[in-house]
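# Following is a predicted model, sequence given first.
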Amino acid sequence: MVNILLCGNKKVFDGALTQLISMTNRTDETIKCYIMTMELTRINPDFLSITDSQVEFLREVIKRKNKDNDVIKLDVTELYEKEFGGCANETAYCTPYTLLRLLADLIDEIPDKLLYLDIDIMIGNDIKELYDIDISDYEYAAVKEKYGCWLIRPDYINAGMLLFNMKKVKETGLLAKARQRIKTKKMLFADQDAIYWSTTKKKIIPRRFNEQSKFDRKDTVVCHFCKRLMLLPYPHTENYKQWNVDEIHRELKCFYFDRDLDEYLLLKKEYESRKTDI
């Protein structure tokens with residue numbers, strides 16, 4: 001079994017759907033996907049939990065591939081407010097939902113080995129190849145951050161993919177230390193910085209397990225459609241996500257996931273035809 005953790009609100013539905021399609025199309029392993037969510041309308045009226053109907057549809061979709069697959073919703077609103085409510089990093093570079101992974105050690109349902117993935121990710125090869133990496137002596141495995149390893153530290157990691165050894169995490173207090181940093185220190189890349197600076201021992205793994213710039217490499221396991229810095233024709237950023245299908249084709253020249261994205265577009269129409277959002 002491969003245990004996956006996703007985090008976000010109702011707007012992550014497209015990302016979760018595309019990611020789970022690409023994952024289940026390339027593995028025979030049973031997938032158990034936990035989705036941490038919360039309602040945080042005190043900050044933004046759009047910060048609503050992923051809905052039960054969205055979760056049920058995701059579950060239905062991946063069970064069509066393997067009857068033992070599952071999607072489990074974890075509403076951590078109360079826990080988030082207790083740990084992070086009103087802290088300075090609620091208004092960090094991304095939404096407060098990036099902080100939810102830092103609560104994983106406090107959730108009873110979370111298993112001992114856990115693969116956290118950002119929502120803007122597609123799976124290009126069998127996810128088992130990543131999940132089976134031996135991290136018994138490490139808190140987690142990660143890939144270097146494409147800019148941060150040059151600008152911050154040579155071993156600075158991208159936290160969009162983290163293969164957690166939760167037993168070791170609890171032993172060293174990694175996430176407890178990270179939460180304390182979030183509460184007491186304003187950081188530019190809040191969740192990522194908190195994890196990096198709280199780490200006792202990590203395993204750096206090859207780039208193909210979190211590819212952040214080349215989107216058609218045949219050996220890529222995790223393809224991360226994260227924001228990119230572009231220098232030409234003038235310095236600017238690009239931020240195209242996998243569900244922006246036209247932009248993925250036109251701007252990124254990525255056609256590797258067309259079979260998955262065609263399936264996504266059909267399934268999205270199926271979901272919308274049900275006209276339910278509860």
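That came through fine. Quick caveat, the model's predicted, so the values are computed rather than measured.
# and residue 106, what does it touch?
Applying Cβ atoms under 8 Å, 6 or more residues apart in numbering, we find residue 106 in contact with 79, 83, 175. No exception for glycine: its C-beta is placed from N, CA and C like everyone else's.
# Pick out whichever of those sits closest to residue 115.
Nearest to residue 115, judged by Cβ to Cβ, of those is residue 175 at 15.4 Å.
# Check which helix or strand that closest one maps to.
helix 174-184 (DSSP states H and E).
# Over to residue 195?
Using DSSP H and E, the element containing residue 195 is helix 190-198.
# Specify the local secondary structure of residue 168.
Three states are possible here, and by DSSP: H, G, I helix; E, B strand; the rest coil the one that applies to residue 168 is helix.
# thinking again about what came up before, buried residues in the helix holding residue 175?
In terms of neighbour count (16 or more other Cβ atoms under 10 Å), helix 174-184 has its buried residues at 174, 175, 177, 178, 179, 181, 182.
# Name the residue closest to the centre of this structure, please.
residue 118 (1.7 Å; Cα atoms, centre = their mean).
# Not counting sequence-adjacent ones, nearest residue to it?
Distances taken as Cβ to Cβ, 6 or more residues apart in numbering put residue 160 closest to residue 118, at 3.8 Å, once the chain neighbours are dropped.
# Could you tell me which residues make contact with the nearest residue to residue 205 once chain neighbours are set aside?
The shortest distance from residue 205 to any residue other than its chain neighbours is 5.0 Å, reached at residue 141 (Cβ to Cβ, 6+ apart). Neighbouring residues of residue 141 by Cβ under 8 Å, 6+ apart: 133, 135, 162, 163, 202, 203, 204, 205, 209.
# ok so, going back, same list, the contacts of residue 106, but as CSV with pLDDT please.
Written out in CSV, the entries for the contacts of residue 106 read as follows (pLDDT from 0 to 100):
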residue, pLDDT
79, 97
83, 95
175, 98
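# which of the residues in whatever helix or strand residue 56 lives in are buried?
Using DSSP H and E, the secondary-structure element containing residue 56 is helix 52-65. For helix 52-65, the neighbour count (16+ other Cβ under 10 Å) marks 53, 54, 55, 57, 58, 59, 61, 62, 65 as buried.
# Against residue 76, how distant is the fifth one?
According to Cβ to Cβ, to the nearest Å, residue 58 and residue 76 sit 18 Å apart.
# How about the last one?
Residue 65 is 27 Å from residue 76, where distance means Cβ to Cβ.
# Same check on residue 268?
Going from residue 268 to residue 76 by Cβ to Cβ gives 27 Å.
# The two: which is more packed in?
Counting neighbours by other Cβ atoms under 10 Å for residue 268 and for residue 76 shows that residue 76 has the greater number, 19 against 16.
# how about the more buried one, what does it touch?
36, 37, 38, 100, 103, 107.
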